[in-house]
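Student: have a look at this fold, sequence not included:
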């Protein structure tokens, strides 16, 4: 094993207590095993099988490590940086009732110390290794990412392994998390985006885990020990998937991944989250009073699953409707022609647990009704007259031409692969995606517009002091 090329700072050096490298310290403290009897012969490890998919955007090597972790790797020898992403199915929706914020406290704490390294020593070790490591959590996924020079990859991944094997959850950093969240409880009450989310969730899916929010009471109930237990439920070997990009081979990467996973429990019993059925939810218009000169307008309707043949026609149509910046109908009409807003946009979310077609923008309180009426008018125009052949051509040219920009760094490629893995799209998706966009016809997008853009399917949430909503109601 090569020696580390970094010198730890004084605090970290003290914490390491005489160990010459973080890697050695991890092995000494977390990977102790009983010595085998002299006559015992360790069984040979099974040969690792690597499946190689060569595509237009990347050559992806798929393998399962000897420890059982599924990995997708793009070997990029020209850039001496290793980017690793790890994800586990399960997130904030799994927080027990009354403990909202628990999973967020877990990911906040993951780089705040491990084993003998307190928070400062851990951060110092990362700085000396010129690496980054952090975790985050969403409603359904928990994720961690690592980036380091390939030359330091062994030591960097050993430090991450320590974080998974023996996280500290010290009172100091944990209390800091609580204080930051308490500040957030106050600031969110004047945050128009947050108030719009709260109003929409309470109106459309009030009893679903996605609608729950952190409270002062839930923060008071959180403890480091509860966070430790939740970490062991969220981050398990059976839920772990990995993507990586860098100047490294499968044979070099596999033991690093297994070292990281060695400190994780084998399985978890976290339940899956039932999907939100937005099509069955009521269609509402909700106004949230907030004293400010502008109104935030959000609108949301049922979306389309990726397995639905209408998905890619809708994806292309969304560019023309509101997803294409200044090339979209909504921007051309509501900003350029009418001067009602600086920006308005739409997006199509294919998350099978929460399928939505949504959008929004801000406008003066006095023009809120006109803004909403303008959105509905554009929906009706797309239903009645459809898009033009030129609009379709422009949308497809942009969507296919801009796609390679998502592959211009190791971190972006790792992120693209992780998205594909999380959505079970298949390793050939990178090659199929542009073909699916190009296959969309004018008949397809105009059929989808009629099926999905009926304004009566969309709920509108307005935050501010809106005026003229009678005008909006008349634009059906």
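Tutor: Structure's in. What do you need? No experiment lies behind these values; they were computed from the predicted model shown.
Student: strands along the stretch 201-350 of the chain, start to end?
Tutor: Counting by DSSP state E, counting those that start in this stretch, the stretch 201-350 of the chain forms strands over residues 240-246, 285-289, 294-302, 344-349, given from the N-terminal end onward.
Student: domain parsing for this protein?
Tutor: As assigned by automatic domain parsing, the chain contains the domains 10-31+46-261, 278-474.
Student: and those domains, which one averages the lowest pLDDT?
Tutor: Of all the domains of the chain, domain 10-31+46-261 carries the lowest average pLDDT, namely a mean of 91.
Student: quick one: list the elements packing against the helix or strand that contains residue 186.
Tutor: With elements delineated by DSSP states H and E, residue 186 resides in helix 171-187, which encompasses its position. Counting by 3 or more C-beta pairs under 8 Å, 6 or more residues apart in numbering; DSSP states H and E, the packing neighbours recorded for helix 171-187 are helix 102-109, helix 216-221, helix 224-234. Where C-beta positions appear, they are placed from N, C-alpha and C, glycine not excepted.
Student: what sits up against it?
Tutor: Under the contact criterion C-beta atoms under 8 Å, 6 or more residues apart in numbering, helix 171-187 has outside partners 101, 104-105, 108-109, 112-113, 119, 214-216, 219, 222, 224, 227.
Student: can you tell me which of the residues you listed are buried?
Tutor: 101, 104-105, 108-109, 112-113, 119, 214, 219, 222, 224, 227 (16 or more other C-beta atoms under 10 Å).
Student: now the two most distant members of the residues you listed.
Tutor: Considering C-beta to C-beta, no two members of the buried ones among the contacts of helix 171-187 lie farther apart than 113 and 214, which are separated by 23.4 Å.
Student: distance to residue 91 added to the helices and strands packed on helix 171-187, as a markdown table?
Tutor: As requested, the helices and strands packed on helix 171-187 are arranged in a markdown table below (distance: least, C-beta to C-beta, whole Å):
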| stretch | distance to residue 91 |
| --- | --- |
| helix 102-109 | 6 |
| helix 216-221 | 16 |
| helix 224-234 | 7 |
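Student: between those, which gets nearest to residue 299?
Tutor: Across the helices and strands packed on helix 171-187 (criterion: C-beta to C-beta), the nearest stretch is helix 102-109, sitting at 28.1 Å.
Student: center of this protein, which residue is that?
Tutor: Centre of the chain computed as the mean C-alpha position; nearest residue by C-alpha atoms, centre = their mean is residue 138, 6.4 Å away.
Student: wait, that one touches residue 90, no?
Tutor: No: between residue 138 and residue 90 no contact is recorded; they are 10.1 Å apart, counting by C-beta atoms under 8 Å.
Student: picking up where we left off before, distance to residue 152 for the buried ones among the contacts of helix 171-187 - can I get that in JSON lines?
Tutor: Listed next are the buried ones among the contacts of helix 171-187 as JSON lines, based on distance: C-beta to C-beta, whole Å:
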{"residue": "101", "distance to residue 152": "34"}
{"residue": "104", "distance to residue 152": "29"}
{"residue": "105", "distance to residue 152": "29"}
{"residue": "108", "distance to residue 152": "25"}
{"residue": "109", "distance to residue 152": "24"}
{"residue": "112", "distance to residue 152": "21"}
{"residue": "113", "distance to residue 152": "20"}
{"residue": "119", "distance to residue 152": "21"}
{"residue": "214", "distance to residue 152": "37"}
{"residue": "219", "distance to residue 152": "37"}
{"residue": "222", "distance to residue 152": "34"}
{"residue": "224", "distance to residue 152": "30"}
{"residue": "227", "distance to residue 152": "29"}
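Student: circling back: can you pull the phi and psi angles for the closest residue to the residue nearest to the centre of the chain other than its chain neighbours?
Tutor: Here the nearest residue to residue 138 in space, its sequence neighbours aside, is residue 91; by C-beta to C-beta, 6 or more residues apart in numbering that works out to 5.0 Å. Geometry field for residue 91 lists phi and psi as phi -150, psi -140, criterion degrees, to the nearest 10.
Student: what about residue 91, how many residues nearby?
Tutor: 23 (other C-beta atoms under 10 Å).
Student: what's the closest of the helices and strands packed on helix 171-187 to residue 473?
Tutor: helix 216-221 (37.2 Å).
Student: got the contact list for that closest one?
Tutor: Surrounding helix 216-221, the residues in contact under the criterion C-beta under 8 Å, 6+ apart are 98-102, 178, 181-182, 185.
Student: nearest spatial neighbour of residue 131, skipping sequence neighbours?
Tutor: Using C-beta to C-beta, 6+ apart, the nearest residue to residue 131 is residue 148, at 3.7 Å.
Student: just checking, the one you found is part of a helix?
Tutor: No: assessed with DSSP: H, G, I helix; E, B strand; the rest coil, residue 148 is strand; it does not lie in a helix.
Student: show me what the closest residue to residue 51 other than its chain neighbours is bridged to.
Tutor: Residue nearest to residue 51 in three dimensions, not counting chain neighbours: residue 62, with 4.5 Å by C-beta to C-beta, 6+ apart. On the basis of DSSP bridges, residue 62 is bridged to residue 51, residue 72.
Student: pretty sure residue 62 sits against residue 53.
Tutor: Yes: counting by C-beta under 8 Å, residue 62 does reach residue 53; the two are 6.9 Å apart.
Student: good, we can wrap up now.
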